[in-house]
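Okay, structure incoming, though there's no sequence with it:
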């Protein structure tokens, strides 16, 4: 994203403090709902894993953290997301270490992390954030064939965006990931699938999935939406959503992106590429 792109694409918004490390003035971070291992009203301890079945933010607006060491990108992304009525930027950071600290303070629903940052890169920041927060991570990269994309998805990221993404696509990407859907650009999906298949690991004995859940997972891995899966299996979309939630919980996966990775790594689906 160039400076000219910033002025052409991003709408004007009220003045905000875009200094890295800043959080919106006058806003107190909303508490995160407890994860699967915490009781009602309790805060998950660092050892607790977030609930992989969480779909939409319970507090209404999706809370977003942005981390990028390029000021133009940081300000541009923040301006776009602040202009959305259903999104709120809870903090910005210029390096990975700062992003981890802010994530623990603000509990974002979605974190946008640049892959290459000083102090701590985005992949390590993603690992640390995902270890303690029920946050979904989108990696930001310059090139669609970035060598780090595979590592980022393996670390638990839900997808990635290019820095020249259009304003509307940026906002929709945040909403998509917040819902728990996959965010994989078609241009590199084939390469990623091939890599995950190459890294295949054996399926543990005694799969916890029912035959129907395994079939739903195969269809997810092939890129079908819930509606398409419902039509293919001749069931209701609600039934498909139930199967998806259950298989994610059984496998300890965060979202559909991780489900796709699991399917190819375990050989449940063989890529045709």
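Yep, that arrived. It should be emphasised that the depicted structure is a prediction, and the values quoted were computed from it without experimental measurement.

residues touching residue 96, list them.
67, 113, 117, 119, 120, 121, 122, 124, 125 (Cβ atoms under 8 Å, 6 or more residues apart in numbering). Backbone N, C-alpha and C define where each C-beta goes, glycine included.

quick one: it from residue 266, how far?
Residue 96 sits 30 Å away from residue 266 when distances are taken as Cβ to Cβ, to the nearest Å.

cool, residue 158 as well?
19 Å.

Pick out whichever of these two has more residues nearby.
The neighbour comparison of residue 158 against residue 266 (other Cβ atoms under 10 Å) goes to residue 158, with 29 against 18.

okay, that one: pLDDT?
Looking at residue 158, its pLDDT is 85.

So it sits against residue 257, correct?
Yes. With contact defined as Cβ atoms under 8 Å, residue 158 and residue 257 form a contacting pair (4.7 Å).

re the thing from before, in TSV, list the contacts of residue 96 along with distance to residue 219 and neighbour count.
Formatted as TSV, the contacts of residue 96 follow (distance: Cβ to Cβ, whole Å; neighbours: other Cβ atoms under 10 Å):
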residue	distance to residue 219	neighbour count
67	34	30
113	30	29
117	36	24
119	41	15
120	37	17
121	34	18
122	31	32
124	33	17
125	32	29
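
same for the helix or strand hosting residue 214, what does it pack against?
Following DSSP states H and E, one finds residue 214 within helix 211-221. Packed against helix 211-221 by the contact rule (3 or more Cβ pairs under 8 Å, 6 or more residues apart in numbering; DSSP states H and E) you find helix 226-233, helix 237-251, helix 256-265.
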